[in-house]
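A.B. asks: Could you work out the structure for the sequence below:
(4 chains)
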Protein chains: 2
Amino acid sequence: MDEESLQNALKTAEILCAQRGVRFTAQRRRVLELVCRAERPVGAYEILDQLREGATAAPPTVYRALDFLLEQGFVHKLETLHAFIGCTHPEHPHASQFLICSDCGRVKELENEAIAGSLRTAAQETGFKAERPIIEVLGTCAHCRRKTEQAGTSPRVPLE
Amino acid sequence: MDEESLQNALKTAEILCAQRGVRFTAQRRRVLELVCRAERPVGAYEILDQLREGATAAPPTVYRALDFLLEQGFVHKLETLHAFIGCTHPEHPHASQFLICSDCGRVKELENEAIAGSLRTAAQETGFKAERPIIEVLGTCAHCRRKTEQAGTSPRVPLE
DNA sequence: AGCACTACTGTTATAATATTGCGAAAGGTA
DNA sequence: TACCTTTCGCAATATTATAACAGTAGTGCT
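C.D. replies: Sure thing, here's the model as predicted:
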């Protein structure tokens, strides 16, 4: 996330917290900032390491902040990676889908109504009440595919 | 899984392993049996506890067997639960979706082409090559909803 | 300001999940 | 049999997450 989006995300979080009557403490702001600043999903202990620079911190510190941010919808948890990522549209609740590149590690968040809809429909057919749909697709992003396929046209490793 | 489905699952696994030229060892068979016998998803350490009855076993024993069974498509891993479940149709590779009841813990495996399709389409639009789609929906199953809603018509806890 | 209340934080310990590395055993093949 | 590959046993350790409890700080009230 670039500096501008980051500032925007922090500001948005601040406003939403005020509206919702919950506290956007320094600790929580700091963790949100660290998650958003990262190019890729970050693990709880990575965040912890950064928190420890200059201060003392233990796992519950991070997990509590993350729990809060998750509840408020400011970050998402990627279950397949045990890692966290800043939400790209925190203003409204939403069902998202994540495209996770196994090559570069970057993640794209989708908000695709066709997917969400077909899932709702399928669940309803069985009488199931969907509350938290988790959709994470592991694969290869466009950028990394180009890289790999170019390399693939000539042998990746010189023949011996 | 009832006894008949279990025997069927084991037989199917055996045949598929023979066809694929991989070994269906006693260890692997035993772990598959334990996973399939369970009514709900089971954690690796639950399996381990059962393996230890009468023998000695350590975590790698279970995880190695599970890795094999996952590769062969005989079991699925539920990422949101850190638990494993027997596959209901191991004969062909497939993208499944799981409806996980937070109340009773039971899981229904779907194989819904509309969901899989819309996901493929959405991924393709961004040039992403989907390799392993993970779809797990937490919610409440039909059975548990009925229970809860009935209870809800009259107060669940007697008034004081 | 003083007080009570609640929400948040710090700290220690520990639980739960998963992997690494190494050497021994078992199965398959010439 | 000798050889090779795969699987297994075992000890240690890494990684992710939570519990329990005491202290602190913000919030609302008088």
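
A.B. asks: Run through the bridge partners of the residue nearest the centre of chain A.
C.D. replies: Of all residues in chain A, the one closest to the mean position by Cα atoms, centre = their mean is residue A:85, 2.4 Å from it. With DSSP bridges as the criterion, residue A:85 is bridged to residue A:76.

A.B. asks: That one touches residue A:107, doesn't it?
C.D. replies: Yes: between residue A:85 and residue A:107 there is a contact under Cβ atoms under 8 Å: 5.7 Å. For every residue, glycine as well, the C-beta is placed using N, CA and C.

A.B. asks: which residues are in contact with both of the two?
C.D. replies: Residues touching both residue A:85 and residue A:107 (Cβ atoms under 8 Å, 6 or more residues apart in numbering or on different chains): A:40-41, A:78, A:98.

A.B. asks: TSV for those, including secondary structure, pLDDT and distance to residue B:143?
C.D. replies: As requested, the shared contacts of residue A:85 and residue A:107 are exported to TSV (DSSP: H, G, I helix; E, B strand; the rest coil; pLDDT from 0 to 100; distance: Cβ to Cβ, whole Å):
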residue	secondary structure	pLDDT	distance to residue B:143
A:40	coil	96	40
A:41	coil	98	35
A:78	strand	98	30
A:98	strand	98	30
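
A.B. asks: What subset of those is buried?
C.D. replies: Buried members of the shared contacts of residue A:85 and residue A:107, scored by 16 or more other Cβ atoms under 10 Å in any protein chain shown, are A:41, A:78, A:98.

A.B. asks: secondary structure class for the closest residue to residue A:121 other than its chain neighbours?
C.D. replies: Excluding the flanking residues, the one nearest residue A:121 by Cβ to Cβ, 6 or more residues apart in numbering or on different chains is residue B:114, at 7.3 Å. Under DSSP: H, G, I helix; E, B strand; the rest coil, the three-state class of residue B:114 is helix.

A.B. asks: show me the contacts for residue B:114.
C.D. replies: Contacts for residue B:114 (Cβ under 8 Å, 6+ apart) come out as A:118, A:121-122.

A.B. asks: contacts for the lowest-mean-pLDDT helix or strand in chain A?
C.D. replies: Sorted by mean pLDDT, DSSP states H and E, the helices and strands of chain A end with helix A:142-153, the least confident at a mean of 82. Contact with helix A:142-153 is made by A:101, A:103-104, A:140, B:126-129, as judged by Cβ under 8 Å, 6+ apart.

A.B. asks: mind exporting the longest helix along chain A as CSV, just the C-alpha atoms?
C.D. replies: Ranked by residue count, the top helix of chain A under DSSP state H comes out as helix A:3-20. Provided in CSV are the C-alpha atoms of helix A:3-20 (Å, rounded to 0.1, in the frame of the first residue of the first chain):
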residue,chain,number,x,y,z
GLU,A,3,1.8,6.2,1.5
GLU,A,4,-1.3,8.0,0.4
SER,A,5,-3.6,5.0,0.6
LEU,A,6,-2.1,4.3,4.0
GLN,A,7,-2.9,7.7,5.3
ASN,A,8,-6.3,7.3,3.9
ALA,A,9,-6.8,4.0,5.5
LEU,A,10,-5.8,5.3,8.9
LYS,A,11,-8.0,8.3,8.5
THR,A,12,-11.0,6.1,7.5
ALA,A,13,-10.4,3.8,10.4
GLU,A,14,-10.3,6.7,12.7
ILE,A,15,-13.6,8.1,11.5
LEU,A,16,-15.3,4.8,11.5
CYS,A,17,-14.2,4.1,15.0
ALA,A,18,-15.5,7.4,16.1
GLN,A,19,-18.9,6.7,14.4
ARG,A,20,-19.1,3.3,16.0
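
A.B. asks: For it, name the packing helices and strands.
C.D. replies: helix A:26-37 (3 or more Cβ pairs under 8 Å, 6 or more residues apart in numbering or on different chains; DSSP states H and E).

A.B. asks: Residue A:47: which element?
C.D. replies: In this structure, residue A:47 sits in helix A:44-51 according to DSSP states H and E.

A.B. asks: Can you name the residues in contact with that helix?
C.D. replies: Residues contacting helix A:44-51 (Cβ under 8 Å, 6+ apart): A:30-31, A:34-35, A:57-59, A:61-63, A:66, A:82, A:84.
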